[in-house]
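>>> the following block contains a protein sequence and its predicted model.
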Amino acid sequence: MSAALLRRGLELLEPPGRAKAPPGLQRGRVGPRAAGAARRRKRAPEPGRNKATVKGRVVKSAIEEYHKKKPVNHLRENLQYMLKGRLVADKAVTEQVLAQNRGRKSKDQPPEKKEKKKPEGTVFTEEDFRKFEREYFGVP
């Protein structure tokens, strides 16, 4: 027989007028560890509904479940939402926001745009080129 069964049996045989001993003295443990041991002890499962049985379960309709999980097309609402706001921010503001979101490393910086150099006009005219050609190559 286990100690727990003996205790329960003795409790049943006790005379009704006698008071129970406090829980700390009942088991013979004294000190701060007795409360911790009582907390750590596993409680017995409470009597309740057995979840393994079918009794009391509500039958769900497969058609209703299918309609609940059926994908919904939100295209029309999304288009209305997107077309509703037509406010465009200034280019300076958008550039500032983009600059704030960029990192500080050089790899995060966009490449600098080089200004295109305009081709410089020549000092010589077509007549000067023809004259040079005649003198240099001897073409009349």
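Yep, that arrived.
>>> distance of the residue most central in space within the chain from K113?
Compute the mean C-alpha point of the chain, and by C-alpha atoms, centre = their mean the closest residue is N101, 20.7 Å away. Taking C-beta to C-beta, to the nearest Å as the criterion, N101 is separated from K113 by 19 Å. To be clear about C-beta, it is placed using only N, CA and C from the backbone, and glycine gets the same treatment.
>>> and for V93?
Taken as C-beta to C-beta, the span from V93 to K113 is 20 Å.
>>> higher neighbour count, the two?
Taking neighbours as other C-beta atoms under 10 Å, V93 and K113 compare with V93 leading, 9 against 6.
>>> so which strand or helix has the more buried one?
Using DSSP states H and E, V93 sits within helix 91-101.
>>> list the contacts of the residue nearest to the centre of the chain.
Contacts for N101 were tallied using C-beta atoms under 8 Å, 6 or more residues apart in numbering; there are none.
>>> how about 10 Å then?
Counting by C-beta atoms under 10 Å, 6 or more residues apart in numbering, N101 touches D108.
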